[in-house]
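Student: next input, structure requested:
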Amino acid sequence: MLVAQLKSAAKPVHYGDFSPCLSSREGLSATASGKLGGAARVQGSGATPGTPLGRAEKGELQVFPNNNTYSGTWLDGRMHGEGLYVWNDGSEYAGDFRDGFMWGQGEKRWPTGRTYSGEWVQDLMWGNGEMTWPCGEKYTGQFCKGVFHGRGTRCWPNGDSYTGSFRKGEQEGDGSFTSAEEGWVYTGHWVHGLMCGVGKMSWPDGRTYVGQWVDGKRHGTGCLTWPDGARYEGQFASDRVEGHGKKSFPDGSWCEGAFKDGHLHGHCTYHWADDMEFEGLWENSAVVGPGTHRFSDGTEITGDFESRGACGEGVKSWANGCEYTGRLVHNQIHHYGVLKWPDGRCYVGHFKDEAMHGVGMLSWKGTEGDAVYKGYFADNIFHGHGSLELPNGALYEGDFRCGVYHGRGKFHWPDGSTYSGDWHNGEMEGRGTLSHPGGDDTECFVYVGEFVEGEMQGCGCATFPRSDGEVDQYKGDFQCSRIQGCGSLTDASGSRHGSFESGCTVGEKIDASGQVFRGSMARDVAHGPAVMYGAKVTAGFWHNGACQSSLRESLVSAKMGSKVFSAEESAEPNVAGKNKQQNGVALALLPGAVADCLTCDAYAGQVEAGKKHGHGIYVYADDTAFKGEWSEEEHPRKEGPAPEVRGVFGPAMGPKNKDDDDDVEEEDDEDVPKKTGESAKEAKQLDSLTDFVDEDKVTSKVDTKEVEAKLNELKKKKEEAEKEAAEREKKLQQVRICPDDLELMCSELPLCDRAALERLLRMHDGDLIAALRSAVRTIPINTS
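Tutor: Alright, predicted model coming up:
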């Protein structure tokens, strides 16, 4: 039970018959109390006792006409002094007479056995006396005009007794009544023989009542205590606890409110010893209807209650300031409602087992603004499909797991960038599309490909729109969001494919004029050791597209080394990790490279871990060369001078130039054709060293429609951004500034650009001080 029933006393309250009425007792009729019978008049008149039948002497028996008799003294013809008067019904009086009346001390006996002994006045019991009944009842005390009146004590045959005030034959005023049968004692006020007014009653079981009485019953305000320490203070009605009151229990708990027939009934408050409290409607000491339940831990529930707690619409709050408004079942949050936190967070949605569960919306305030999540919850965390709008304007729409992005989703950044694709534990991971509208320091692009831990990594395609409406595009490998690995790049200057590293390329590029560039590139231009084939062959070290140190414009074939490259030999890959050491260029090669040294030496061949390793040719600055096997930068010997190395870095573009023969040593006529043919084969084989990029490997499947849509979206965002920027500039130009303030800024900051200072002053609405502070921190110094 949510709310305990009111505690009862160790024994049930039994009030008993504590409202005795004297007139209801045996022998207490009006006649028996002396109101009508027992008059000592001889002939109905105290003044004329009647004429005797014969004159009697003093002390003689006198008989009256009604057969009453008198024996005693006379004075002036009236009974006076001591005497005995006997009535014809058997009643008799013995005692004092005066002027024909029973007056003074005397005793009267009735035929019923009742007797009175005491004071008399004019035939009436008046003063102190004692009356007894044959049943054993007895009254001792004061009389007035023949009835009990004044202080007295009355005892009944069953042992009951009353001591106190009487009036006109009834208990009235202050008195004490003891019930011999039930053991209770009442001390207090009486009216018409009944307990009425303020009085105290004590029971033999230890209960005590002090309060108001009406017609022999507790009625009005009073206090009832139990022997175990329980106590009730409040209203009573018809001998029952009823009305407003407060009951306290020995364990420290208490209840206060409306009572009916001893039970809580109506609006009441019950407070437990552990500081738990319920305030609301009760019926027969059970909680029913609306109320508020306060718990010792600070939790508070307001709603409609039944035996097992609040059910239906209600409000539940906690000590930390959180508050729930919605449906409750047995005091628990259930189904649907609104939960608010003191820090401004608010949840509207479904609940299960006192936790956010199901569809809902959670909003909270951040340092940059409001954040809102709409979607599915599981055990108070984001789980399932939903959308999260962050304070900085970012938006995520997609799947969540355990409170983080996981599954398929789309993220929008405040700058207009978007990502749509796979997520894993809160990071972009898997396959997706990333678009960026560009900015002051960044380019506009669309990337479609693989992601790892939030970075573009793996195989992908990046598209960069140009101002002329065309696009630059890279297809290949990425690492840490940078172009790195095997790939191909197509832009306005041509196309290139090969190995890219940190934005630099080692591979082949064909520009718009048809020239072929093989070697190292940076930012799409020749940079590093490379060879360019055009009208002539240029090999050397390049910097930003210009050849800084030319190796030579034409090379001749080198003399043979320890190994000879032979195209006729079969090309087989390594099997089971064994290098077959074949001479053919199609042998399973290590990554190839074309390199140039600062000494103007040149190498073309295989490399491993940045060192020459495998098949290759090295041409020295003195035109000597070695062609053969390398092992970690070492070779057996070098041969020189090399008579001809044309085509070492690839086939020459166009016909052979006659001028190039000036640098070639003449051979014996019988050797020239042979060596020329071998050189052509070797050149063709070595040319393939830079063609190691597998186009099929690096090319991803790209949805062209998706890329076009992204590009159109980016163009639209860019146009909107430009429009907004134009509007801002227009508004800035409309800001009025003081020319003197501008002149002052220019004089204080002479090295800063005047236009920049003017713009800054407008941005601060003409506030000179604010503009100066900002200028010191932000505007660069013009040193030109």
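
Student: tell me the contacts of Glu453?
Tutor: Glu427, Met428, Glu429 (Cβ atoms under 8 Å, 6 or more residues apart in numbering). No exception for glycine: its C-beta is placed from N, CA and C like everyone else's.

Student: isn't the last one up against Gly409?
Tutor: Same thing as Glu429. No: assessed by Cβ atoms under 8 Å, Glu429 is found out of contact with Gly409, at 11.4 Å.

Student: who touches both of these two?
Tutor: Common neighbours of Glu429 and Gly409, counting by Cβ under 8 Å, 6+ apart, are Trp423.

Student: before we move on, back to that, and the contacts of Glu453, which of them are in strands?
Tutor: The strands, defined by DSSP state E, take in Glu427, Met428, Glu429 from the contacts of Glu453.

Student: return the distance of the spatially closest residue to the second one that is not a sequence neighbour relative to Glu706.
Tutor: Leaving out its chain neighbours, the residue that sits closest to Met428 by Cβ to Cβ, 6 or more residues apart in numbering is Phe451, at 4.2 Å. As defined by Cβ to Cβ, to the nearest Å, Phe451 lies at a distance of 16 Å from Glu706.

Student: using the three-state scheme, assign Gly229.
Tutor: Three-state assignment for Gly229 (DSSP: H, G, I helix; E, B strand; the rest coil): coil.

Student: my bad, Glu181
Tutor: coil.

Student: my read: it touches Pro157, true?
Tutor: No: the criterion here is Cβ under 8 Å, and Glu181 misses it with Pro157 at 11.4 Å.

Student: higher neighbour count, those two?
Tutor: Comparing Glu181 with Pro157 by other Cβ atoms under 10 Å, the one with more neighbours is Pro157, at 15 against 10.

Student: if we can go back for a sec, neighbour count: Phe451 and Glu706, which is higher?
Tutor: The residue with more neighbours, out of Phe451 and Glu706, is Phe451; 26 against 14, by other Cβ under 10 Å.

Student: hang on, the earlier thing: now render the contacts of Glu453 as CSV, adding distance to Arg496, pLDDT and neighbour count.
Tutor: CSV is the format used below for the contacts of Glu453 (distance: Cβ to Cβ, whole Å; pLDDT from 0 to 100; neighbours: other Cβ atoms under 10 Å):
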residue, distance to Arg496, pLDDT, neighbour count
Glu427, 32, 92, 16
Met428, 28, 93, 24
Glu429, 30, 92, 20
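
Student: and of those, the nearest to Asn68?
Tutor: Glu427 (129.7 Å; Cβ to Cβ).

Student: how about the contacts made by the nearest residue to that closest one once chain neighbours are set aside?
Tutor: Of all residues not flanking Glu427 in the chain, Gly454 sits nearest, at 4.3 Å (Cβ to Cβ, 6+ apart). Gly454 is in contact with Glu427, Met428, Glu429, counting by Cβ under 8 Å, 6+ apart.

Student: could you dump the residues you listed into CSV and include distance to Ala770?
Tutor: Listed next are those as CSV, based on distance: Cβ to Cβ, whole Å:
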residue, distance to Ala770
Glu427, 41
Met428, 40
Glu429, 45
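
Student: and the closest residue to Lys316 other than its chain neighbours, how close does it get to Gly337?
Tutor: Nearest residue to Lys316, sequence neighbours excluded (Cβ to Cβ, 6+ apart): Tyr324, at 4.5 Å. Using Cβ to Cβ, Tyr324 is found at 6 Å from Gly337.

Student: also Val121?
Tutor: 87 Å.

Student: out of the two, which sits in the busier spot?
Tutor: Higher neighbour count among Val121 and Gly337: Gly337, with 21 against 17, using other Cβ under 10 Å.

Student: now that one: how far from Phe177?
Tutor: Distance from Gly337 to Phe177, by Cβ to Cβ: 62 Å.

Student: in the strand or helix carrying Tyr618, which residues are buried?
Tutor: Assigned by DSSP states H and E, Tyr618 belongs to strand 611-619. Across strand 611-619, burial judged by 16 or more other Cβ atoms under 10 Å covers Lys612, His613, Gly614, His615, Gly616, Ile617, Tyr618, Val619.

Student: farthest-separated two in the residues you listed?
Tutor: Farthest pair in these, by Cβ to Cβ: His613 and Val619, 17.8 Å.

Student: what are the C-alpha coordinates of the helix or strand containing Tyr474, in PDB please?
Tutor: With secondary structure defined by DSSP H and E, Tyr474 is part of strand 471-479. Only the C-alpha atoms of strand 471-479 are listed here, as PDB (Å, rounded to 0.1, in the frame of the first residue of the first chain):
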ATOM      1  CA  VAL A 471      35.700  20.900 -62.900                       C
ATOM      2  CA  ASP A 472      39.000  19.600 -61.700                       C
ATOM      3  CA  GLN A 473      38.800  16.000 -60.500                       C
ATOM      4  CA  TYR A 474      41.000  13.600 -58.600                       C
ATOM      5  CA  LYS A 475      40.400   9.900 -58.500                       C
ATOM      6  CA  GLY A 476      42.600   7.700 -56.300                       C
ATOM      7  CA  ASP A 477      43.900   7.200 -52.800                       C
ATOM      8  CA  PHE A 478      43.500   9.500 -49.800                       C
ATOM      9  CA  GLN A 479      45.000   9.500 -46.400                       C
END
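
Student: what helices and strands are in contact with that strand?
Tutor: Applying 3 or more Cβ pairs under 8 Å, 6 or more residues apart in numbering; DSSP states H and E, one finds that strand 471-479 contacts strand 445-452, strand 455-465, strand 482-491, strand 494-501, helix 695-698.

Student: please repeat the previous calculation with a cut-off of 6 Å.
Tutor: With contacts taken as 3 or more Cβ pairs under 6 Å, 6 or more residues apart in numbering; DSSP states H and E, strand 471-479 sits against strand 455-465, strand 482-491.

Student: chain center to it: distance?
Tutor: 47 Å (Cα atoms, centre = their mean, to the nearest Å).
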